[in-house]
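S.K.: 3D model of this:
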Amino acid sequence: MSGILVGVDGSHHSERALDWAMKEAALRHVPLTVLAVHQVLVGWTGHGTAGYPEDAGLVEQTKAAAQEQVDKVLAALGGPRPEAVTVRAVDGIPAEALLNAAADADLVVVGARGAGGFARLRVGSVADVVAHHAQCPVVIVPHDR
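M.R.: Numbering: from 1, shown residues only. Okay, here's the model as predicted:
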């Protein structure tokens, strides 16, 4: 997947990242892939994940929520739009899923923080892991000022 990859989780931070990624994709005339991850449980040993049959329905709900977020940002976008926007949803561990999806990306974009974690952190755990391990350039869209 060439082009720009952006991770979303429904948070305000990911909405800012999505807006930035859409504008950048339009500017560079490259496709944009929006990835939402239904987080699964990590096994008690810390290795592997635990999946359940109900997760398939939750992945579809995650994709629908991401599509709503994309539609909202596209509706508010002034100026040029990306040539193509693809919304994907997977189950897994968010940072791991983003890194796997970014293997062939030209750029990966994440918000400084996501929906979970501690409000005082300047950079959340997913952004931190992606910034340290991605094989392509990474943009971390900062908080509102």
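S.K.: For the longest helix along the chain, which helices and strands make contact with it?
M.R.: Longest helix in the chain, counting residues (DSSP state H): helix 55-76. Contact here means 3 or more CB pairs under 8 Å, 6 or more residues apart in numbering; DSSP states H and E; on that basis helix 55-76 packs against strand 4-8, helix 12-28, strand 32-39, strand 85-92. All C-beta spots, glycine's among them, are computed from the backbone N, C-alpha and C.
S.K.: Show me what the mean pLDDT comes to for it.
M.R.: Mean pLDDT, helix 55-76: 92.
S.K.: got the buried residues for it?
M.R.: Neighbour-count burial for helix 55-76 flags 55, 59, 62-63, 65-66, 69-70, 73 (criterion: 16 or more other CB atoms under 10 Å).
S.K.: quick one: which of those is nearest to Ala21?
M.R.: The nearest member of these to Ala21, counting by CB to CB, is Val73 at 9.2 Å.
S.K.: ok, so what distance separates that closest one from Gly92?
M.R.: Per CB to CB, to the nearest Å, Val73 is found 24 Å from Gly92.
S.K.: do the same with Val108
M.R.: Using CB to CB, Val108 is found at 16 Å from Gly92.
S.K.: Neighbour count: these two, which is higher?
M.R.: A direct count of neighbours by other CB atoms under 10 Å for Val108 and Gly92 places Val108 higher, at 26 against 18.
S.K.: got the phi/psi numbers for Pro31?
M.R.: Taking degrees, to the nearest 10, you get phi -70, psi 150 for the backbone angles of Pro31.
S.K.: show me the contacts for the closest residue to Leu77 other than its chain neighbours.
M.R.: Nearest residue to Leu77, sequence neighbours excluded (CB to CB, 6 or more residues apart in numbering): Met22, at 5.9 Å. Met22 makes contact with 32, 73-74, 77, 81-82, 85 under the criterion CB atoms under 8 Å, 6 or more residues apart in numbering.
S.K.: residue ranges with poor pLDDT in the protein?
M.R.: 1, 41-56, 113-123, 145 (pLDDT under 70).
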